[in-house]
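Chemist: 3D, please:
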Amino acid sequence: MRIVIREVLNVGGFFAGETVTLAAQRWPEGGPEQTLTIDDAALTNVTARHLLAPGMVLELRLAGDRVEQATLLGAPDHASLSAAWRQPPILPTPTPRVLSFRCPACKVWAAATGDPPICAVCGAAAPRV
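Modeler: Numbering: from 1, shown residues only. Below you'll find the predicted structure:
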C-alpha cells in the first residue's frame, strides 16, 4: 500500500518508544485520512524518523494493522528527500547515474530505480536532459 504523509503527529522518544505517528492518505487515490504508527525498525531506507515530513510518499507492507515495513519513495522537494533518504550503496559505473529526479507525472522528487531510471513512486521514466 502506498501512502502520502499529510501530517506528522508524534515522533516517539524515550517514553513513547522508537516510533513515528502519521496522518496519511492512500496514494494516489486519496480518501479518508488514517493514523499510522511506524516503529523505527520498520523504516527500511530512512536516515531518521524525525525527518519524515508532509508530502512524502511511503510504500508500506502491513501485517494486519501493524506496519511491518515502510520504504520512502518520494518527497515534495529535493532537500527533504535527500535529508531523509538513506540511499543504497552507489557502485562505480562508467557513465553518470540518476539517483533522484522531479517526476513530471506524479510531481514529487522521487528515488530513481533501474537503468534507464524510472520513478519509484509512479513508474514514469526520468526526463531526458
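Chemist: which elements pack onto the strand or helix carrying residue 82?
Modeler: In the assignment (DSSP states H and E), residue 82 maps to helix 78-84. The contact analysis (3 or more Cβ pairs under 8 Å, 6 or more residues apart in numbering; DSSP states H and E) places helix 78-84 against strand 66-75, strand 100-102, strand 109-113. C-beta here means a position set from N, CA and C on the backbone, and glycine is covered the same way.
Chemist: for residue 39, what are its contacts?
Modeler: Residue 39 makes contact with 17-19, 67, according to Cβ atoms under 8 Å, 6 or more residues apart in numbering.
Chemist: need the helices and strands packed on helix 78-84 in CSV (columns: mean pLDDT, distance to residue 59 and mean neighbour count).
Modeler: Below are the helices and strands packed on helix 78-84 laid out as CSV (pLDDT from 0 to 100; distance: least, Cβ to Cβ, whole Å; neighbours: other Cβ atoms under 10 Å):
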stretch, mean pLDDT, distance to residue 59, mean neighbour count
strand 66-75, 96, 4, 21
strand 100-102, 93, 16, 19
strand 109-113, 91, 10, 21
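Chemist: can you redo these as CSV with distance to residue 27?
Modeler: Output for these, formatted as CSV (distance: least, Cβ to Cβ, whole Å):
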stretch, distance to residue 27
strand 66-75, 9
strand 100-102, 17
strand 109-113, 12
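Chemist: quick one: closest of those to residue 82.
Modeler: Closest to residue 82 of the helices and strands packed on helix 78-84, according to Cβ to Cβ: strand 100-102, at 7.3 Å.
Chemist: give the other helices and strands that that closest one contacts.
Modeler: helix 78-84, strand 109-113.
Chemist: find the least confident helix or strand in this protein, judged by mean pLDDT.
Modeler: Across the helices and strands of the chain, mean pLDDT, DSSP states H and E gives its lowest value to strand 109-113, namely a mean of 91.
Chemist: what is whichever helix or strand comes after it packed up against?
Modeler: Downstream of strand 109-113, the next assigned helix or strand under DSSP H and E is strand 118-119. Counting contacts by 3+ Cβ pairs under 8 Å, 6+ apart, strand 118-119 is packed against strand 109-113.
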